[in-house]
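1. Sequence first, predicted coordinates after that:
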Amino acid sequence: MNATEQEEREYLEVIKEQLALAVRRVDDSVRQFSSELREKKEYIHENQSGMDDADMVAAGQSIDRMAYTGAGAVARKRKLLKLLQSPYFGRIDFKPAGGVRVPVYIGVHSFVEERQRRGLIYDWRAPISSMFYDYELGEASYQTPSGPIQGRIDLKRQYKIQDGRLEFLIENGVNIHDEVLQRELAKSSDDKMKNIVATIQRDQNAVIRNEEASVMVIQGVAGSGKTSIALHRIAFLLYRFRDSISAKDILILSPNKVFADYISNVLPELGEEHIPETVMEELAADLLGNQFQFQTFFEQVSALLEQHNPAFIERIRFKSSFEFLSQLNKYLLHVENNYFNASELRVGRTAVPRQLLLDKFKGYHRVPLLKRFPLVSDDVRAYVRTAANRKLTNGEKNTIGEALTRMFRFNTVLDFYRDFYRWLGRPELFRYEHGQTLEYADVFALVYLRIRLEGISAYDHVKHLLVDEMQDYTPVQYAVLSRVFNCRKTILGDVNQMVNPYSASSAETIERVFPQADVVRLNRSYRSTVEITKFAQRITPNPDIIPLERHGQEPGLMRCNGQGEEVETLKQLVANFKTSGSNSLGVICKTPKQAEQVQQALEGQGVQLLTEDSTHFKEGVILTTAHLAKGLEFDEVIVPFVSARNFKTEVDKSMLYVACTRAMHRLTLTYSGELTAFLQ
Ligand SMILES: Nc1ncnc2c1ncn2[C@@H]1O[C@H](COP(=O)(O)OP(=O)(O)OP(=O)(O)O)[C@@H](O)[C@H]1O
C-alpha cells in the first residue's frame, strides 16, 4: 500500500466515524420526536373534553409539525446509512484564483460536519461538483449564483467504496473516466437500471445540467445512455429547483409497465422519491374520459407483424403524418366558420337576432368550440332579460340552451371525427362502428379533437414531463402532449429503434412540433461490446455511432436443419447460459406468438415470459418480443428464427435491430432455411 492509499484509507475511516456519529444523533432526535408525539397525543386524549375548537386545531397542527420533522429525520438517516456504505466516489482538489486549495469529495448526497458547518462530502449535483465531470487537471471553473469561480484542479481521484471498504482508488492525470467506466460496463446486468453518477461523461453532464431548455430532445444511438441521462437530469432538476419542484410534480411517460419497473430504482438510489409514471394508453383513456375501448400500440404493432394488410398500413401511415395534423387543424377552422348554423331565436316575445348569436360565438374564439354554448347561452339570457325587462322562466332558460346546441352541426367528438373524414373526401380511412374497438391510430386524433373542442386542464400540476422512446409517437401525439402538458419537457429516443416504421418520428419531426426545443445528439454507445455494435450495424447502418472500446465474443449465427433442430439448439443455449455465471439472458422473438411457441419448447427450464400485461422485470432467463424488450438490456441475448421467411419487411428489420442492440456482452442468433437478407 503506498502513502496515498494509506492516507485515503485513514480518511475514509474518519468520515465513516463522522457519519456514524451523525446517524446516532438522528436516532436520538427520532426517539425524542416519537416520545413527544406520544405524550402530546395522550395529553389530547385525556383533555379532549376541556379543549375548545381552537385548542384542538392548534394541537393537531403541532402533531402534524412533529410528524413532518420526524419524517425528515428518518429520510436523513436513510441518506446517512447509504453514505456509510459508499461515502464518495470522486475527489478534486480545487484552488480558486487567489484562494487556498481544498479537497472536494463527491458522493451521492452531501454531508456537512455539523459543528464546524464544513462540507465533508458534496452532492454530485452541487455546482462545485460539476468540475469533476467537466475538467481534467489544470484550469477549471464552475458557476455560482454570483458568477463563475475560476481556479485550478491540482488533483483528481476516483474511488470505489463498497460496504464501507475501499476497493480501489485511481489517481487520474489524463483521462479520468476510462478505467472506471470500463470496469462498470464490463459488469453483469441487474434487474433494475443502475445510477451512473460516478462515471457520467462530459457530453452527458451537459445534458443533465442544462437548466435553460424548456424542451430538450435527446436523439441518441442505442445504448448511448439516453434513459440514464434523462433520469439523472430529473434528479439534478429536483436538486437545483428543490424549492419549486418535488417528485410528485414530475411525470414519466414510459413505453410500458415493465420498462417503468426497470427504471424505477435510479431515482430512489439517488435519494429522490419515486416519480409518478404512466403509459400512453393510460393517458389516452383518461383524456377520453374512459369512454372508448381501443387497440393498444403493442396490438397495432403485433397486427402489422402478423399480417400484411395494405389498407391498415395506409390508415396508420396517413394518421402518423404531419399532413394529418394540419388537416385536422384546417378542419377545425372549417367547423368554426361553417358549423354554427345560427338563426333568429325567439324567447317569449323577444327575438334574438342571428347576428348577435354569431358575434357572441365568434367573440369567444379563445374558448374551445363546444364550451362556448353555455357562455353564449348566458349572454342570450341577459339579452332577453334586458329586452323583456323580466326574469326568465326555467323552461325558457332550457329552451335557449337546447336551441343553441341544435344550431351546431354535431355535439359529440366522435361525430366530428367521423365527419372529418367525409370533409377530407376519404371516409374509408376511418373504420369504426359503435361499440367496437378503436384502432390505435385513431386514439390520439380523437383526443386531439376532444381537447380542441372541449378543452382540458387535468394535468396542470405537472411541472416536468419526461417522454421516453420518442420515435414511437406521431405528430398528433406530440400535439396532444404539447397542449396537455404546459411545462418543461425532456424527450428522448432513437429513430433507428422504431417498432413501427409507418408511424415513427425523428428528432426533426419533433422539432417541428416544438420549434423552441434544444436538440442534443449522443453518438457514443456504452451498452454493447464493439463486436455486437458492429454486427447490429449490418442491419441498420449508422455512420455516426461510436462504440466504446470494449471487446467480447463475435456474435454467433447458428444455422439449423429445420425448426425441430432450432428448438433443440435454443434449449442447449439456455442450458449453457445457466452455467455461464451471467445474470440475465433475453430470448427475444419477433412476435408474441413466436414467444409463446418458444415458451412451450422451453417448458421446465425456468424461463419467464414477458407479455404486454407484465409489470415486473426480473433477472434470469426472460422470453419476450423485441417490442417489449425495447429500453431493457441483458448480459446475453438470443434472437431465434432469423430466417428470410420470418424477417423480411421494414417492421421486421426494426425488430431485429432492437433485439440485437439489447445485448451487453454476448449475442447469438439462430435460423433454419435461408438467412434473412438483413444479415447477409
Ligand atoms: N456514463 C456512463 N457510465 C456508465 N454506464 C453508462 C454510462 N452511460 C451509459 N451507461 C450504461 O449504458 C447502458 C445503456 O444506457 P441506457 O439504457 O440509458 O441507454 P439508452 O440510450 O436509453 O439505450 P436504448 O435506446 O438502446 O434503450 C446502461 O447499462 C447504462 O448504465
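-> Right, received. Where do you want to start? Residues are numbered from 1 along each chain as shown.
2. Residue ranges in the protein under the pLDDT threshold?
-> Scanning the chain for pLDDT under 70 picks out 1, 59, 63, 65-69, 173-177.
3. which parts of it sit against the ligand?
-> Residues of the chain lying near the ligand by CB under 6 Å from any ligand atom: 181, 184-185, 194, 196, 199-201, 204, 220, 222-228, 494, 497, 526-527, 631, 633, 661. Every C-beta, even on glycine, is put in place using the N, C-alpha and C of the backbone.
4. any idea how far the closest residue to the ligand within the chain is from residue 489?
-> Per CB to the nearest ligand atom, residue 225 is where the chain lies closest to the ligand, at 2.9 Å. Distance of residue 225 to residue 489, computed by CB to CB, to the nearest Å: 19 Å.
5. Over to residue 227?
-> Per CB to CB, residue 227 is found 15 Å from residue 489.
6. Out of the residues of the chain next to the ligand, list just those in strands.
-> residue 220 (DSSP state E).
7. And the residues of the chain next to the ligand, which of them are buried?
-> Applying 16 or more other CB atoms under 10 Å to those, the neighbour count classes 181, 185, 196, 199-201, 204, 220, 222-228, 494, 497, 526-527, 631, 633, 661 as buried.
8. Looking at the residues you listed, which are in helices?
-> Among these, DSSP state H puts 181, 185, 204, 226, 227, 228 in helices.
9. isn't the third one right next to residue 522, touching?
-> Right, residue 204. Yes. Contact criterion CB atoms under 8 Å: residue 204 and residue 522 qualify, at 7.3 Å.
10. Return every residue with contacts to both of these two.
-> Jointly contacting residue 204 and residue 522 under the rule CB atoms under 8 Å, 6 or more residues apart in numbering are 225, 229.
11. Tell me which stretches of the stretch 451-600 of the chain form strands.
-> For the stretch 451-600 of the chain, the strands defined by DSSP state E, counting those that start in this stretch cover 464-467, 488-493, 518-522, 524-525, 546-547, 556-560, 584-589.
12. Same question for the stretch 201-350 of the chain.
-> Going by DSSP E, counting those that start in this stretch, the stretch 201-350 of the chain shows strands at 215-220, 250-254, 277-279, 345-347, 350-352.
13. Among these, which comes closest to residue 360?
-> Closest to residue 360 of the strands of the stretch 201-350 of the chain, according to CB to CB: strand 350-352, at 9.7 Å.
14. Okay, buried residues for that closest one please.
-> Buried residues in strand 350-352, counting neighbours by 16+ other CB under 10 Å, are found at 350, 352.
15. The helix or strand that comes right after that strand - contacts with which helices or strands?
-> Per DSSP states H and E, the first helix or strand lying C-terminal to strand 350-352 is helix 354-363. Contact here means 3 or more CB pairs under 8 Å, 6 or more residues apart in numbering; DSSP states H and E; on that basis helix 354-363 packs against helix 372-388.
16. How about the following helix or strand past the helix it packs on, which residues are buried there?
-> Next in sequence after helix 372-388, counting helices and strands by DSSP H and E, comes helix 394-407. With burial defined by 16+ other CB under 10 Å, the residues of helix 394-407 counted as buried are 396, 397, 399, 400, 401, 403, 404, 407.
17. What pairs with the longest strand along the chain, parallel or antiparallel?
-> Once the chain is assigned using DSSP E, the strand that runs over the most residues is strand 147-162. Using DSSP bridges, strand 147-162 pairs in its sheet with strand 90-96 (antiparallel), strand 138-144 (antiparallel), strand 165-171 (antiparallel).
18. Now tabulate the ones you listed in JSON lines and tack on distance to residue 594.
-> Below are these laid out as JSON lines (distance: least, CB to CB, whole Å):
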{"stretch": "strand 90-96", "distance to residue 594": "46"}
{"stretch": "strand 138-144", "distance to residue 594": "53"}
{"stretch": "strand 165-171", "distance to residue 594": "43"}
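19. So which of those is the most surrounded?
-> Compared across these, strand 90-96 shows the largest average neighbour count, a mean of 20 (mean count of other CB atoms under 10 Å).
20. what's the angle between whatever helix or strand comes next after that strand and strand 90-96?
-> Next helix or strand after strand 90-96 toward the C-terminus (DSSP H and E): strand 102-107. Going by axes from the mean of the first three to the mean of the last three CA atoms, to 10 degrees, strand 102-107 is angled at 150 degrees with respect to strand 90-96.
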